[in-house]
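# Just the structure for this:
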Amino acid sequence: MTRLPSRGQRTWSFHKYPLILVLVLVVVVLARTARSRSDLEPIGLEEIQVATSTPLPPEPALSGVGDVDEHDGRSTEGFRGSSPSIRHETTLIAGTEYLVEWEGNTKRILYPNGALKSEGTWVAGRREGEHRSWHPNGELHSREQWTDNLREGSSVYFSEEGVRIAEGGYSDGFKAGPWRTWFKDGSLASEGAYSEGPTQREEGIWRYWDFAGRLDLRRSGYYENGRKVGEL
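You can find the predicted model right below:
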């Protein structure tokens, strides 16, 4: 006949099994810890070199124009799709950084979105010939003539809507001769002439109009050295 264990023996046997379960759990935890530690091993040098050699995607604003070295703001090589004769740099204008593109003696300044801001010829660091500039929306802003880094000859200026707002001449960098201005709706605002020299004063007959197109008799008249001295 099989002998049943006493009550005390049954109690001791019951507590033995939880101890075995605890040992099993400890073994499982140690195995998982060893596996997770292998995931934390540092990447090898070769893997790092491969990862860092992969180029980042270009900035959308400068796509097709060229990458600017973000460390010192200047770069002259490695531009996608650029001619070997084109150089690039950056310039700060009124707190905004712009990309500058040089092709021979032609200098182009680009807006942050890649649109053309200005273009003209430079010789020995001085403006020469026709220089043009554009509004951010792409409309022409100005067309000027330069000689030895001074405005010389006719210049014309436009609003962001493409309306001509001023036109006249320069001599040695100063306004001179006939000038006309227009309101943004295209109606004439003023016409007259400036004396030559650094004073840039109104000289002779000047006419002014208001927004309604009426002649402004209070301002219009005969001018000498920038002062009205007679009526029309």
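# Could you point out the helix or strand that follows the lowest-mean-pLDDT helix or strand in the chain?
In the chain, no helix or strand scores lower on mean pLDDT, DSSP states H and E than helix 45-52, which sits at a mean of 30. Next along the chain after helix 45-52, taking DSSP states H and E as the criterion, comes strand 86-93.
# List the buried residues in that following strand.
Residues 86-90 are the ones in strand 86-93 that count as buried (16 or more other CB atoms under 10 Å). Every residue, glycine included, has its C-beta placed from N, CA and C.
# Output the contacting helices and strands for that strand.
Using 3 or more CB pairs under 8 Å, 6 or more residues apart in numbering; DSSP states H and E, the elements in contact with strand 86-93 are strand 96-103.
# what's the angle from the strand it packs on to strand 86-93?
Strand 96-103 and strand 86-93 are oriented at 150 degrees to each other (axes from the mean of the first three to the mean of the last three CA atoms, to 10 degrees).
# counting contacts, what elements does the very next helix or strand once past strand 96-103 pack onto?
Next helix or strand after strand 96-103 toward the C-terminus (DSSP H and E): strand 106-110. Helices and strands touching strand 106-110, by 3+ CB pairs under 8 Å, 6+ apart, are strand 96-103, strand 116-123.
# Include distance to Leu140, mean pLDDT and mean neighbour count when you put those strands into a markdown table, please.
Listed next are the helices and strands packed on strand 106-110 as a markdown table, based on distance: least, CB to CB, whole Å; pLDDT from 0 to 100; neighbours: other CB atoms under 10 Å:
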| stretch | distance to Leu140 | mean pLDDT | mean neighbour count |
| --- | --- | --- | --- |
| strand 96-103 | 18 | 92 | 16 |
| strand 116-123 | 10 | 97 | 16 |
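# Turn those into TSV, columns for distance to His135.
Listed next are those as TSV, based on distance: least, CB to CB, whole Å:
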stretch	distance to His135
strand 96-103	14
strand 116-123	9
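# how about those strands, which one is nearest Asp148?
The closest of the helices and strands packed on strand 106-110 to Asp148 is strand 116-123. By CB to CB, the value is 8.8 Å.
# so Gly177 makes contact with Ser154?
No. The criterion here is CB atoms under 8 Å, and Gly177 misses it with Ser154 at 9.3 Å.
# what's the overlap in contacts for the two?
The contact sets of Gly177 and Ser154 overlap at 168-169 (CB atoms under 8 Å, 6 or more residues apart in numbering).
# For the residue lying closest to Glu160 once chain neighbours are set aside, the count of nearby residues, please.
Excluding the flanking residues, the one nearest Glu160 by CB to CB, 6 or more residues apart in numbering is His135, at 4.6 Å. Around His135 there are 17 other residues, counting by other CB atoms under 10 Å.
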